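> Sequence first, predicted coordinates after that:
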Amino acid sequence: MVRGMIIAAGAAAVALGSPAAAQQQQPQPVTRGQFIAKLDQSFNGMDTNHDGSLSLAEVQAAQAKEAQQVRAVLQAKLRAAFNQLDTNKDGQLSWPEFAAQGAAVKLTQPPATQVLQGLDTNHDGKVSAAEFRASKLPAFDKADLNHDGTVTPDEERRANGGK
């Protein structure tokens with residue numbers, strides 16, 4: 001059980017890293033050597049008595065420290081979002097302040113004429129049901145990985161780049 005916690009804590013430390021590392025936007029390739037070095041660094045940071053092994057107390061302390069760091073980052077993000085919404089800086093959000101954020105969202109859509117032209121494959125100025133279907137079916141067929149006529153949630157996830 002302790003071994004499982006050690007592995008989980010080590011994996012979490014590597015996966016999450018520091019709060020600053022969690023904010024990186026572009027994942028970078030990692031060599032096996034770099035991964036091992038990061039594991040060793042995480043382990044050494046958790047092994048507070050430097051005896052070469054992690055005790056339950058050390059794992060618990062590392063988990064508490066990581067949780068505190070994550071909470072601090074989340075708290076800072078929440079505070080920044082609140083401050084952005086609180087336009088009159090009174091420390092409270094009114095409905096108009098909150099709703100203004102929704103109104104500020106810009107929806108970009110192509111002109112309807114452009115959409116119609118893209119769907120109207122026979123160029124008669126109208127889009128039939130068959131033309132409309134023809135524009136959407138290739139995406140379904142691509143997602144139907146086993147070609148059984150049904151797209152399962154797993155197939156949809158995989159088709160959208162998930163594993």
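Thanks, I have the structure now.
> and Ala72, how many neighbours?
Close neighbours of Ala72, defined as other CB atoms under 10 Å, add up to 11. Bear in mind the C-beta positions are built from the backbone N, C-alpha and C, glycine included.
> So what does it have for phi and psi?
When read as degrees, to the nearest 10, the backbone of Ala72 gives phi -60, psi -40.
> dump the residue contacts of the residue lying farthest from the centre of the chain.
Using CA atoms, centre = their mean, the residue of the chain lying farthest from its centre is Asp124. It sits 43.4 Å away. Neighbouring residues of Asp124 by CB atoms under 8 Å, 6 or more residues apart in numbering: there are none.
> what pLDDT does it get?
For Asp124, the model assigns a pLDDT of 92.
> The one 5 residues further on now?
Here, the pLDDT recorded for Ala129 equals 89.
> That one and Lys136, how far apart?
Computed as CB to CB, to the nearest Å, the Ala129 to Lys136 distance reads 11 Å.
> So between these two, which is more surrounded?
Neighbours per residue (other CB under 10 Å) separate Ala129 from Lys136, with Lys136 holding more: 10 against 7.
> element containing the more buried one?
Element membership of Lys136, judged by DSSP states H and E, is helix 129-143.
> any idea how far that helix is from the chain center?
Mean C-alpha position of helix 129-143 versus that of the full chain (CA atoms, centre = their mean, to the nearest Å) differs by 28 Å.
> Please name every helix or strand in contact with it.
helix 112-119, helix 153-159 (3 or more CB pairs under 8 Å, 6 or more residues apart in numbering; DSSP states H and E).
> closest one to Gly52 among those?
helix 153-159 (41.6 Å; CB to CB).
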